[in-house]
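[1] Kindly return the folded structure for what I paste below:
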Amino acid sequence: MSNISVNTEEVVADQIRNSISSMVNYLDSGNVEKASEYITDDVVFVRPTGNPLTKNQWIAMFNSDNVTLLSNKMVDFYKVDVSPSNDWALVCYSTHAKFTYNGVENDDISVFSVLMKRVNNKWLLSHLQRSTGRLPTDSMPVFN
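    Numbering: from 1, shown residues only. A predicted model of the protein is given here:
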């Protein structure tokens with residue numbers, strides 16, 4: 001149990017959800033640079049293959065001819081677990097992204113496990129692990 005009050009935990013959890021949702025929305029609008037403002041400079045993105053990306057590689061990927069992001073929508077938050085120190089949190093959420101990668105169309109629901117850090121009173125994504133995408137018609141993950 002954390003040392004902060006339930007009301008404060010709820011406020012912090014909302015701030016974290018808002019930061020992630022803002023990043024997802026900026027990606028949806030095609031504004032990768034603005035989305036990257038919600039990411040630490042030393043972030044590690046771990047793709048479903050296990051291959052990591054740095055922040056600059058992530059930005060370059062979205063700006064490359066290999067990737068065309070058609071839409072990116074928030075689906076749900078499954079867990080926001082704020083640390084007792086109130087300066088980091090573990091978060092699990094899912095998005096629905098439609099994109100092409102090397103000419104192949106994808107329509108993916110993906111689950112993300114992320115570490116968020118409070119940096120200068122702003123919540124930034126510091127580590128991300130993305131699941132393999134599933135079709136929207138497939139069974140959705142169930143979190144208890």
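[2] only C-alpha atoms for contact and neighbour calcs from this point on.
    Noted.
[3] Please compute how far the worst-scoring helix or strand of the chain on mean pLDDT lies from its chain's middle.
    Within the chain, no helix or strand scores below helix 6-28, which has a mean of 92 by mean pLDDT, DSSP states H and E. With C-alpha atoms, centre = their mean, to the nearest Å as the basis, helix 6-28 stands 11 Å off its chain's centre.
[4] Show me what it is packed against.
    Where contact means 3 or more C-alpha pairs under 8 Å, 6 or more residues apart in numbering; DSSP states H and E, helix 6-28 is packed against helix 32-35, strand 67-82, strand 122-130.
[5] in the second one, what counts as buried?
    Buried positions in strand 67-82, judged by neighbour count with 16 or more other C-alpha atoms under 10 Å: 67-74, 77-82.
[6] Next: stretch 47-64.
    Neighbour-count burial for stretch 47-64 [16+ other C-alpha under 10 Å]: 53-55, 58, 61-63.
[7] Would you mind listing the residues in contact with R134?
    R134 makes contacts with 107-110, as judged by C-alpha atoms under 8 Å, 6 or more residues apart in numbering.
[8] I'd guessed D108 sits against R130; true?
    No - applying C-alpha atoms under 8 Å as the test, D108 and R130 come out as separate, 11.3 Å apart.
[9] So A13 is in contact with F77, correct?
    No - with contact defined as C-alpha under 8 Å, A13 does not reach F77; the gap is 10.5 Å.
[10] before we move on, the earlier item: and the helices and strands packed on helix 6-28 as JSON lines, adding mean pLDDT and distance to N25?
    Shown next, in JSON lines, are the helices and strands packed on helix 6-28 (pLDDT from 0 to 100; distance: least, C-alpha to C-alpha, whole Å):
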{"stretch": "helix 32-35", "mean pLDDT": "97", "distance to N25": "8"}
{"stretch": "strand 67-82", "mean pLDDT": "96", "distance to N25": "7"}
{"stretch": "strand 122-130", "mean pLDDT": "98", "distance to N25": "15"}
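[11] Mind putting the ones you listed into a markdown table with distance to S22?
    A markdown table is the format used below for the helices and strands packed on helix 6-28 (distance: least, C-alpha to C-alpha, whole Å):
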| stretch | distance to S22 |
| --- | --- |
| helix 32-35 | 7 |
| strand 67-82 | 10 |
| strand 122-130 | 11 |
